[in-house]
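>>> Next come a sequence and a model predicted from it.
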Amino acid sequence: MRNYIIKRVAQSVLILFCVMFIIYALIRSLPSSFAETMAMQLAQAPGAKPYEEWLAQLNASYGLDLDIVPGFFTWLSKAVVGNFGDSWKWNVPATQKFTEVIGLSVIMGGISFVLSLVIAVPLGVLAATKQYSRADYVITSVALVGISLPTFFFATLLKLFFSVKLGWFDLYGLVGRDYAQLDSMGQFLDKANHLVLPIVTLVIVSIGGYMRYTRTNMLEVLNADYIRTARAKGLSERTVIYKHAFRNTLIPLVTIIGGSLPGLFSGALITETLFSIPGIGYISYQSMVAGDIPFTMFYLSFMAVLTLASNLLTDILYGVVDPRVRIS
């Protein structure tokens, strides 16, 4: 196992290098440019230098006068020692801005992820064990609705009903108008109140896929020969389902769960934008639109590392949930 992990880590480093070069090349090719925007603003000041001179000066300051390959290695030489530069849009170090906003997205993503699994997995198992029953049809219908509903449509319905009609929640933002006058507990409850609808949105649009995935794999396991053998031995239906069948259903579930882990840190771009939640998804989108290369490169580097790490963790977990899977 140790040799396997070392080999996978070495492969991941090579993949990360290639991925970051592609990302850097794509970002440098974007039509939006922070330097061009700033040069245009500076050139409009009374008595200012022409736009072309400002653009050349800013490109030289930010290293954009270099070609893509030397520019990438210049960025990489600083990134390997933890220097990702200052964000051009937010005027603070890229790592500092990331630290400021990542916590909120992790809280939202973590709560919605746990709730999705707690709701979807048992319902998927129930639908499989009660195949073609009323419960199966209801659960399958709910799953299809969750898969089919666009995030922006469902979020708009929630805001219309719970914010506009009932007035239980604010339409936008993370804090209310009287947030500054509240004590610490009141401020906590105020933020929690503003996160209810975004979290509900994330849960509803994600449980459908988990339920369908669990149901499909559970049905496949329940039709296996060893399940019929376990029933023939006189084992209780509960033991057959939860001790034998469900354990083997966990194997494909590990794949989809492991692949979902990077999503906890990537932020929910659409949801955060609709509810004006200043999380990492919304901030990174604004940075990309503004051509903020330092922040965008740091964010995408972080996501690439997290994705590679989650894939490695998924492979290791295979051996945990299934003793037959071992790395020689």
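Received it, and whenever you're ready, just let me know what you need.

>>> Please settle this for me: is Gly176 part of a helix?
No. Gly176 is assigned coil when assessed by DSSP: H, G, I helix; E, B strand; the rest coil, not a helix.

>>> which residues does it contact?
Residues in contact with Gly176 (CB atoms under 8 Å, 6 or more residues apart in numbering) are 170, 190, 193-194. All C-beta spots, glycine's among them, are computed from the backbone N, C-alpha and C.

>>> Now for those residues: which two are most distant?
Greatest spacing in the contacts of Gly176, by CB to CB: Asp170 and Asp190 (9.3 Å).

>>> could you flag which of the contacts of Gly176 are buried?
Buried residues within those, defined by neighbour count using 16 or more other CB atoms under 10 Å: 170, 190, 194.

>>> what about the helix or strand containing Leu250, distance to the chain center?
For Leu250, the element it lies in under DSSP states H and E is helix 246-260. Centroid separation for helix 246-260 versus its chain: 18 Å, with CA atoms, centre = their mean, to the nearest Å.

>>> Quick check: mean pLDDT of it?
Averaged over helix 246-260, pLDDT sits at 73.

>>> List the buried residues for it?
Burial within helix 246-260, assessed by neighbour count using 16+ other CB under 10 Å, is assigned to 246, 248-254, 257-258, 260.

>>> same deal with stretch 43-57?
Buried residues in stretch 43-57, counted by 16+ other CB under 10 Å: 54-57.

>>> what do you get for stretch 299-314?
Buried residues in stretch 299-314, defined by neighbour count with 16+ other CB under 10 Å: 299-308, 310-312, 314.

>>> ok, so of those, who is nearest Ile139?
Thr314 (26.4 Å).

>>> Need the pLDDT of the residue lying closest to Gly124 once chain neighbours are set aside.
Of all residues not flanking Gly124 in the chain, Thr214 sits nearest, at 2.7 Å (CB to CB, 6 or more residues apart in numbering). According to the prediction, Thr214 has pLDDT 85.

>>> Leu317 now?
At Leu317, the model reports a pLDDT of 68.

>>> mind listing what's buried in the one helix or strand Leu189 maps to?
Using DSSP H and E, Leu189 maps to helix 184-222. By neighbour count with 16+ other CB under 10 Å, helix 184-222 contains the buried residues 187, 190-191, 194-195, 197-215, 217-219, 221-222.

>>> Assign Trp88 to helix, strand or coil.
Counting by three-state DSSP, the backbone at Trp88 sits in coil.
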